[in-house]
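> can't give you the sequence, but here's the structure:
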């Protein structure tokens, strides 16, 4: 457990808590957490997670823009629906992308856990995209992804980060509940 890991955990918790609250500051804290974790994951040879952080940074800017644009239109961040067909297609694409990425990591790097790392990275990207689009499904996916992350981080002896992801499981479940409440309130206003 390093001071970098401790600081990364604190910034990450703040970022996720602000995301649950649909607060625009979440994008700033999440950006900072992604930069910190990119460096930490590189140190422990989780290259899929390292690369994932850079994708998170890109999606972070997209999410900030999308939320800001929506907020300017109706003065709050509205929850948006997603069609089941889109969920299935996007999950299949994430799995295939994770497979290709995992094979690349396996054959071209000394990555630890290349297939698991790559699948988690792919589904994390999908969940982050869904967050940027304000889909409640993001929280359901995060619950499952974060449970697997806990096991991987324990295996890599990143105990504090494993604890963070265990907290993320609880926070994602709460985020799911919170966004469901907001969605019901928003539907009454229509």
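Now that the structure is in, tell me what you want to look at. Please read these numbers as outputs of a predicted model, since none were measured by experiment.

> ranking helices and strands of this structure by mean pLDDT, which lands last?
helix 47-74 (a mean of 83; mean pLDDT, DSSP states H and E).

> residue 129 is in contact with residue 60, isn't it?
No - when contacts are counted by C-beta atoms under 8 Å, residue 129 is not listed as touching residue 60 (11.1 Å). The way it works is simple: take the backbone N, C-alpha and C, and place the C-beta from them, glycine included.

> who has more neighbours, the two?
residue 60 (23 against 17; other C-beta atoms under 10 Å).

> the closest residue to that one other than its chain neighbours: what secondary structure?
Among residues not flanking residue 60 along the chain, residue 31 sits closest, at 5.0 Å (C-beta to C-beta, 6 or more residues apart in numbering). The three-state label given to residue 31 by DSSP: H, G, I helix; E, B strand; the rest coil is helix.

> how near is residue 31 to residue 106?
30 Å (C-beta to C-beta, to the nearest Å).

> out of these two, which sits in the busier spot?
Using other C-beta under 10 Å as the criterion, residue 31 and residue 106 rank with residue 31 on top: 18 against 14.

> surely the more buried one touches residue 62?
No - contact between residue 31 and residue 62 fails when scored by C-beta under 8 Å: they sit 11.8 Å apart.

> still on that earlier bit, determine the set of other helices and strands touching the least confident helix or strand of the chain.
Applying 3 or more C-beta pairs under 8 Å, 6 or more residues apart in numbering; DSSP states H and E, one finds that helix 47-74 contacts helix 26-43, helix 84-108, helix 114-132.

> just those: most buried one?
Looking across those with neighbours counted as mean count of other C-beta atoms under 10 Å, the highest average goes to helix 114-132: a mean of 22.

> no further questions, thank you.
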